[in-house]
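Q: predicted model and sequence follow; I will ask about them next.
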Amino acid sequence: MGVYDQGVKLASEMDGVDPLKGIRQEFYLNDEVIYMDGNSLGLFPKAAEASLLRVLEDYKRMGIDCWTKTNPQLFLYQDHLGALMAGLVGASPEEVTIMSNTTLNLHSMIATFYKPSAERYKILVDDLTFPTSRYAIESQLRLKGLSPEVALKEVKSLDGRTLDEDMLIEAMTEDVAIAVFPSVLYRSGQLLDVARLTQAAHERGILIGFDCCHGVGAVPHEFSKWDVDFAVWCTYKYLNGGPGSNAALYLNKRHFGLHPGLAGWQGYVKDKQFDLLNTFEPVRNAGGWQSGTQNIFSMAPLEGSLELFNRVGVEKIREKSLKLTDYLMALIDDKLTGYGFSVGNPREPHRRGGHVALEHQDAVRINQALKDNGVMPDFRAPNVIRLAPIALYTSFTEVFRVVETLVRIMDDRLYENYSSKRGTVA
Ligand SMILES: *Cc1c(COP(=O)(O)O)cnc(C)c1O
């Protein structure tokens, strides 16, 4: 048997003993494409389609009664879905709600918690976080009449890939009011020690929140145990809610009763909301931070998807995800380093999320060649091809094929047919 056949055999043996192998059937997959981009936009579970269609049917049949006469009630659907999400992030059901998008949820949190004083007026961030949180935070500073030059404190990465937690903690000085970091970095896939950062922030009188878009659904989070103040994350990546599905908000119950920074009538105490009084009385749970009418069709797929996650269990998902990425890194070391590829993510399991950051100086072109050769990866400037084998629907055989495709692209110099300009949606 040749080396190639041995590789195929080993991968199919791993698939054979994979306890999650059957879950793949529960997704819409395209047989012609190996999908390695579930960290950007996850594939659709059939159960997500079913919950969306059920809600649509209810509305078609009932009209306005769909708000109250469905099971679960659409009037409270956002909190029902929050409760379904709670187990994935180690939170109490009332600490999680589904609403708007990640960026707006971060706005809402900063608007709630940022009360600059002469002594404490800085918001601490890093230079590798997905930039939308920077845009949001800077605009919140400006709303308070402060310039980012004065009130934004940034910790810079030393290697352009990863953050040093000691440096993040060192930067938690007495003038910092709030710190906001990612749990998993979107480019390098580094997983931060959220518990340690949270403890360090609290010891210094700093509130701390996390953007967990690249973590939830791939890595277990323990928000209650870690005691983070707030967290936001999207649901269309690892959580497979579909393009633009509504985001999630975690708010530590310690903060229930605070006045929401971006208040609206959907955050009103629910049994009195329709009294339509001019005095605002927020619900004492994360739902109190709802603003306007919830986007039911943009959250309905989550019901089916979250039920699938709860059935499988996030620990099992993490276990397989680590096996898939371990296998992918081993194949990269074995077959691709000779072509100038290297692994840009941390290697230790407790320091990495769900994707592998494959680096190459010709990454833009190789990424395009992959797309034309049956693999869907994505590219992040300047030199990273992100490969995300997804525990629920990627097989070990597919991981093997991805690496074989890369070998072929390099051997046959297929990437030379492409220009080094990236597309609009990378
Ligand atoms: C994808 C992603 C977002 C997206 O934010 P939206 O407001 O939901 O578009 C934000 N932060 C991180 C880290 C992301 O990966």
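A: Happy to help now that I have it. Numbering: from 1, shown residues only.
Q: and what about the residue of the stretch 201-350 of the chain found nearest the ligand, helix, strand or coil?
A: Nearest residue of the stretch 201-350 of the chain to the ligand, counting by CB to the nearest ligand atom: residue 213, 3.3 Å away. Using the backbone N, CA and C atoms, a C-beta is placed for each residue, glycine as well. Three-state call for residue 213 (DSSP: H, G, I helix; E, B strand; the rest coil): coil.
Q: all strands in the chain, in order from the N-terminus.
A: Here the chain has its strands, by DSSP state E, at 34-35, 96-99, 122-126, 152-155, 176-182, 207-211, 230-233, 247-251, 342-343, 356-359, 375-376, 378-380, 384-387.
Q: flag every buried residue along stretch 240-259.
A: Neighbour-count burial for stretch 240-259, with 16 or more other CB atoms under 10 Å as criterion, is recorded at 240-242, 245-252, 255.
Q: please apply the same query to stretch 38-58.
A: So for stretch 38-58, counting by 16+ other CB under 10 Å, buried means 38-45, 47-49, 51-52, 55, 58.
Q: any chance of TSV for the buried residues of stretch 240-259, columns distance to residue 30 and pLDDT?
A: Output for the buried residues of stretch 240-259, formatted as TSV (distance: CB to CB, whole Å; pLDDT from 0 to 100):
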residue	distance to residue 30	pLDDT
240	15	98
241	19	98
242	16	98
245	20	98
246	25	98
247	26	98
248	27	98
249	33	98
250	33	98
251	38	98
252	41	98
255	43	98
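Q: would JSON lines of the residues you listed with distance to the ligand be doable?
A: Output for those, formatted as JSON lines (distance: CB to the nearest ligand atom, whole Å):
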{"residue": "240", "distance to the ligand": "14"}
{"residue": "241", "distance to the ligand": "11"}
{"residue": "242", "distance to the ligand": "13"}
{"residue": "245", "distance to the ligand": "9"}
{"residue": "246", "distance to the ligand": "9"}
{"residue": "247", "distance to the ligand": "5"}
{"residue": "248", "distance to the ligand": "10"}
{"residue": "249", "distance to the ligand": "12"}
{"residue": "250", "distance to the ligand": "14"}
{"residue": "251", "distance to the ligand": "17"}
{"residue": "252", "distance to the ligand": "20"}
{"residue": "255", "distance to the ligand": "21"}
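Q: pull the most distant pair out of the residues you listed.
A: Farthest apart among the buried residues of stretch 240-259 by CB to CB are 242 and 255. That separation is 30.2 Å.
Q: state the pLDDT value of the nearest residue to residue 216 once chain neighbours are set aside.
A: Excluding the flanking residues, the one nearest residue 216 by CB to CB, 6 or more residues apart in numbering is residue 233, at 4.6 Å. For residue 233, the pLDDT comes out at 98.
Q: again, but for residue 82
A: pLDDT at residue 82 comes out at 98.
Q: kindly report the same for residue 270.
A: Confidence score, pLDDT, at residue 270: 89.
Q: next, format the strands of the chain as JSON lines and append distance to residue 307.
A: Formatted as JSON lines, the strands of the chain follow (distance: least, CB to CB, whole Å):
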{"stretch": "strand 34-35", "distance to residue 307": "22"}
{"stretch": "strand 96-99", "distance to residue 307": "14"}
{"stretch": "strand 122-126", "distance to residue 307": "35"}
{"stretch": "strand 152-155", "distance to residue 307": "39"}
{"stretch": "strand 176-182", "distance to residue 307": "27"}
{"stretch": "strand 207-211", "distance to residue 307": "25"}
{"stretch": "strand 230-233", "distance to residue 307": "18"}
{"stretch": "strand 247-251", "distance to residue 307": "16"}
{"stretch": "strand 342-343", "distance to residue 307": "35"}
{"stretch": "strand 356-359", "distance to residue 307": "29"}
{"stretch": "strand 375-376", "distance to residue 307": "26"}
{"stretch": "strand 378-380", "distance to residue 307": "28"}
{"stretch": "strand 384-387", "distance to residue 307": "28"}
